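Q: sequence first, predicted coordinates after that:
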Amino acid sequence: MPVHALELVPDEAGRALVRAQWQALADAGLPSQLARPGVSDVPHATLVSGPELSQEALDVAIVRVGSLLPVTGRLSGLLLLGSTGSVTIARALELDDDVVRRVLALRVQVPDRRFPGWLPHVTLARRVPRADVPRALEALEAAPADEEIVLSELRRWDPERGRVTVVAQAR
């Protein structure tokens, strides 16, 4: 089933910061988001995803989250997500409590959301074999951590149309 999403996208400096980490993984011969050149595959933090997004959810996102843009956060420690033979590697995204409260208010508008709760993060690689995690950590060792990042766009991913739409952006 296709998964719709609302996402925060960093400004160009933030995108470059994340892409450098994607590149470090790719240079080490490891899975990386760099290998996903699709229209929806730019650095981002997913706020909510599910089989559909109502107009009400979109309106709440624009008012509660879009009105805050730009939002400054901090990319911090590495996260390993998953419990099968492979993991997703991501950077934790630290955000102000007000931003988190607003995102949680948005998430309740999507009753069939994919994941309970919200762990803000920016994905670096998916489907990394567990045996390759030490190499991935070594590849990312020189990558900037604990870096400020500015989130400047709120966008919607519509997989049925294969289209990304910016619904709010920093002025």
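A: Okay, I see it.
Q: tell me, what residue is most central in this structure?
A: residue 45 (2.2 Å; C-alpha atoms, centre = their mean).
Q: in what helix or strand does the spatially closest residue to that residue that is not a sequence neighbour lie?
A: The shortest distance from residue 45 to any non-neighbouring residue, by C-beta to C-beta, 6 or more residues apart in numbering, is to residue 8 (4.8 Å). The way it works is simple: take the backbone N, C-alpha and C, and place the C-beta from them, glycine included. Per DSSP states H and E, residue 8 falls inside strand 4-10.
Q: do you know how far residue 158 is from residue 51?
A: 12 Å (C-beta to C-beta, to the nearest Å).
Q: who touches both of the two?
A: Any residue near both residue 158 and residue 51 by C-beta atoms under 8 Å, 6 or more residues apart in numbering counts here, and that gives residue 4.
Q: is the residue lying closest to residue 121 once chain neighbours are set aside bridged to anything, and to what?
A: Nearest residue to residue 121, sequence neighbours excluded (C-beta to C-beta, 6+ apart): residue 90, at 4.0 Å. Beta-bridge pairing of residue 90 under DSSP bridges involves residue 79, residue 123.
Q: show me the strands in the protein, by range?
A: 4-10, 45-50, 71-81, 86-94, 121-129, 147-158, 163-169 (DSSP state E).
Q: where does this structure dip in pLDDT?
A: The model of the chain has pLDDT under 70 over residues 1, 37-40.
Q: for the top helix by length along it, packing partners?
A: Criterion DSSP state H: the longest helix present in the chain is helix 12-27. Other elements packing on helix 12-27 under the criterion 3 or more C-beta pairs under 8 Å, 6 or more residues apart in numbering; DSSP states H and E are strand 4-10, strand 86-94, strand 121-129, helix 133-140, strand 147-158.
Q: between these, which one is closest to residue 164.
A: Residue 164 sits nearest to strand 147-158 of all these, at 5.4 Å, using C-beta to C-beta.
Q: report the angle between the axes of the closest one and strand 163-169?
A: Angle, strand 147-158 to strand 163-169, by axes from the mean of the first three to the mean of the last three C-alpha atoms, to 10 degrees: 130 degrees.
Q: fine by me, we can end here.
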